[in-house]
Each structure stands twice: as C-alpha cells, then as structure tokens.
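1. Predicted model and sequence below, questions to follow.
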Amino acid sequence: MSTVVEVMEKTTGAMSSAELAGEQHSRATVGDFTVADARMTCRDVEVWYGPKKAIKGVSLDIGKNEVLSMIGPSGCGKSTFLRCLNRMNDTIDGCRVTGSILLDGQDIYDKSLDPVPLRARVGMVFQKPNPFPKSIYENVAYGPRIHGLTNNRAELDALVESSLRKAGLWEEVKDRLDQPGTGLSGGQQQRLCIARTIAVSPEVILMDEPCSALDPIATAIVEELIDELRSQYSIAIVTHSMQQAARVSQRTAYFHLGDLIEIGETNDIFTSPKHRLTEDYITGRFG
Ligand SMILES: Nc1ncnc2c1ncn2[C@@H]1O[C@H](COP(=O)(O)OP(=O)(O)OP(=O)(O)O)[C@@H](O)[C@H]1O
Ligand SMILES: [Mg+2]
C-alpha cells in the first residue's frame, strides 16, 4: 500500500516528499501544553478545509481563570483553531475537525451534544463588533431569552444590568438602553458584544482580535476588562499585538503554518523563547 505522502506526490507532482512532510506532518510543540486545572483539553486536533490541512495536530489546555493568547503570522491557523473550541467550524462547508476537545471532561464533538448551548458555554467575541440590529437592552437580553435563563422581566432587567456592568458599559448606556446597539462607538459596541457573551454565563470566552478595530483608548478599556473577566472565566484571545498578549495573558501559544510551535508562560515566551521560529516572530524577523 502506498503511503499518504507517496499518493500525494503522485497526485501533486510538483512537491517533493520533504516539502510534503513539512506541509502535512505536525511538529512537536516546545513547552508544557498542559495545566493543572484545565477547563478545556485539546489533543491532536487537526482541521481540514477539503484536502488542505490547516491545523496539524495541536494539543493544549486552557486553564480556569487564565487568559491564553494565541499569536503567529497571518494564515497560521489561529482563527481556525479558536473556532474549533465552540464548533463554529461546523458552519463552514468542507471543514473537518479530528482529535479530541473536552470541556470540563465532556467531548464537545460528541454526536449527542447540541452545539447551540455549547456556544453559550463557550462564547465568542469577534474582530469586528457585531451588535444585532436591536436595542442595547435587547442585544444583551437576547441570549438569556432564547436559553430561558430568567423567569420574569425583573430578573431579565437585573441580568442585563449586571452583564453591562461586568463589561464596563453600564454607566455609559444606562439612560439609553432602548436605543440601537449599532449607534454606539466601536469600543462601546465591542463591550456590548462582550456583555452579550457574558449574559449567558459562559465558562470560556473566545476572542478573535477583539481590539483590532478599536482606538488605543478603547483598546485599553477592553484589555482592562479582559483582566477583570479572568476571575470568572477562561479566556482564549487571538491577537496580532505582542504588546497586548504581554499585557493581558498569563500563557502564550505561538502558531506557525498550522503547528503549535511553542507554548509557555507569557513572560518566558517573550523574554526567552526556546524555538527559533518563536524567536524570529517576536523579534520581528518573520511575519
Ligand atoms: N473557510 C475556509 N476555507 C478554506 N480555507 C480556509 C478557510 N478559512 C481559513 N482557511 C485557510 O486556513 C489557513 C488558516 O487560516 P486562519 O484564518 O485560521 O489563519 P489566522 O492565523 O487566523 O490568520 P489571520 O492572522 O490572517 O487572521 C489559511 O491557509 C487559510 O487560507
Ligand atoms: Mg484570523
């Protein structure tokens, strides 16, 4: 029987087996990818878009009450990996995920598991603030309503207020809750989206470049918020800003061409990276 590499060599022709080996096989990760108090446990995760492997066997834990930042050059698979964590990749045609991802010990890819409540437990904040075309109040109340989290209007009001307070937005919007969420500034919209995520009591919050559309002041507010949220949630954040990773996260994971190259304490990754690729990236020689 031919090996996968041989078969692919025959079909692609142009690439040498060494190139294909680099393209298709995972590299060992430098650093300890486990934590003592894991909330999420990912092992040998591979993601395919049709025939193309975008994540090549990534294993890592996300701990309770930690912020894990994911960094790496454009196209290395950060968003793809993040989307695995709440099965957002399910919505992409031709995308296939293998390996195991557990949330509190439960396999999130188990066929009997409904991805809708999963996405409340593992919430997501996107690069571009995306409030619903509804009022500020309704943006936050929407999730609790569809998940049946409150029994009456007074409870819902209280949940909307506490979520907006946790997102650091309450004082700015309390007098205009009935106005459209889309009428807020970019930084306020992003905090509204964070309030919307928090309102359904997630265990994990995924953030994909949440500050890339914000100015430095709004960025500082959101970064402060991320640090506060850590006391209650586990957070995985993708960022292109190494300064941001250094400011907000306790651990950092460096991705490169679908591999998790190195993971460790944020301070160690930025001051004494062990892998040459990590060093090249953080010193600006690559990416
Ligand atoms: N829907 C898709 N269909 C096919 N290929 C995809 C799809 N989404 C991403 N890819 C490919 O998967 C690889 C990883 O992409 P991904 O968006 O995860 O990278 P990224 O690290 O988030 O990059 P960036 O920093 O630019 O956001 C890339 O080669 C990309 O072209
Ligand atoms: Mg991305």
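-> All right, it came through fine. Numbering: from 1, shown residues only. Ligands and ions are numbered 1, 2, ... in the order given.
2. and the stretch 51-200 of the chain, which residues reach ligand 1?
-> Residues of the stretch 51-200 of the chain lying close to ligand 1 (C-beta under 6 Å from any ligand atom) are 54, 72, 74-80, 92. For glycine as for every other residue, the C-beta is placed from the backbone atoms N, C-alpha and C.
3. List just the nearest of these to residue 283.
-> residue 72 (14.2 Å; C-beta to C-beta).
4. Skipping adjacent residues, who's closest to the closest one in space?
-> In space, and not counting its chain neighbours, residue 72 is closest to residue 255: 3.6 Å by C-beta to C-beta, 6 or more residues apart in numbering.
5. Now do the one you found against ligand 1, distance only.
-> Distance from residue 255 to ligand 1, counting by C-beta to the nearest ligand atom, to the nearest Å: 6 Å.
6. How is that residue assigned, secondary-structure-wise?
-> strand (DSSP: H, G, I helix; E, B strand; the rest coil).
7. In contact with it, which residues?
-> 58, 70-72, 76-78, 81, 261 (C-beta atoms under 8 Å, 6 or more residues apart in numbering).
8. a markdown table please, covering the residues you listed and showing pLDDT.
-> As requested, the contacts of residue 255 are arranged in a markdown table below (pLDDT from 0 to 100):
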| residue | pLDDT |
| --- | --- |
| 58 | 97 |
| 70 | 98 |
| 71 | 98 |
| 72 | 97 |
| 76 | 97 |
| 77 | 98 |
| 78 | 98 |
| 81 | 98 |
| 261 | 98 |
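9. Of those residues, which pair is most distant in space?
-> Counting by C-beta to C-beta, the most remote pair of the contacts of residue 255 is 58 and 71, 13.9 Å apart.
10. pLDDT score for residue 174?
-> Looking at residue 174, its pLDDT stands at 98.
11. ends of stretch 73-90, how far apart?
-> In stretch 73-90, first residue to last residue: 24 Å (C-alpha to C-alpha, to the nearest Å).
12. Going by neighbour count, which residues in that stretch are buried?
-> By 16 or more other C-beta atoms under 10 Å, the buried positions in stretch 73-90 come out as 73, 76-89.
13. Max pairwise distance over these: which two?
-> 73 and 87, at 25.4 Å, using C-beta to C-beta across these.
14. Quick check: phi and psi at residue 106.
-> The phi/psi pair for residue 106 (degrees, to the nearest 10) reads phi -100, psi 130.
15. and what of residue 204?
-> Here is the backbone geometry of residue 204 (degrees, to the nearest 10): phi -130, psi 140.
16. Next: residue 169.
-> Main-chain torsions, residue 169, degrees, to the nearest 10: phi -120, psi -10.
17. Look up how far residue 132 lies from the residue nearest to it when sequence neighbours are not counted.
-> Spatial nearest neighbour of residue 169, chain neighbours left out: residue 191 (4.4 Å); criterion: C-beta to C-beta, 6+ apart. With distances taken as C-beta to C-beta, to the nearest Å, residue 191 is found 15 Å from residue 132.
18. Grab the most central residue of the chain for me.
-> With distances taken as C-alpha atoms, centre = their mean, residue 206 lies nearest the centre of the chain, 3.4 Å away.
19. Doesn't it lie inside a helix?
-> No: counting by three-state DSSP, residue 206 is located in no helix; its state is strand.
20. check contacts around it.
-> Taking C-beta under 8 Å, 6+ apart, we find residue 206 in contact with 82, 85-86, 122-125, 235-237.
21. could these be laid out in JSON lines, adding pLDDT and secondary structure?
-> Listed next are the contacts of residue 206 as JSON lines, based on pLDDT from 0 to 100; DSSP: H, G, I helix; E, B strand; the rest coil:
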{"residue": "82", "pLDDT": "97", "secondary structure": "helix"}
{"residue": "85", "pLDDT": "98", "secondary structure": "coil"}
{"residue": "86", "pLDDT": "96", "secondary structure": "coil"}
{"residue": "122", "pLDDT": "97", "secondary structure": "strand"}
{"residue": "123", "pLDDT": "96", "secondary structure": "strand"}
{"residue": "124", "pLDDT": "95", "secondary structure": "strand"}
{"residue": "125", "pLDDT": "95", "secondary structure": "strand"}
{"residue": "235", "pLDDT": "98", "secondary structure": "strand"}
{"residue": "236", "pLDDT": "98", "secondary structure": "strand"}
{"residue": "237", "pLDDT": "98", "secondary structure": "strand"}
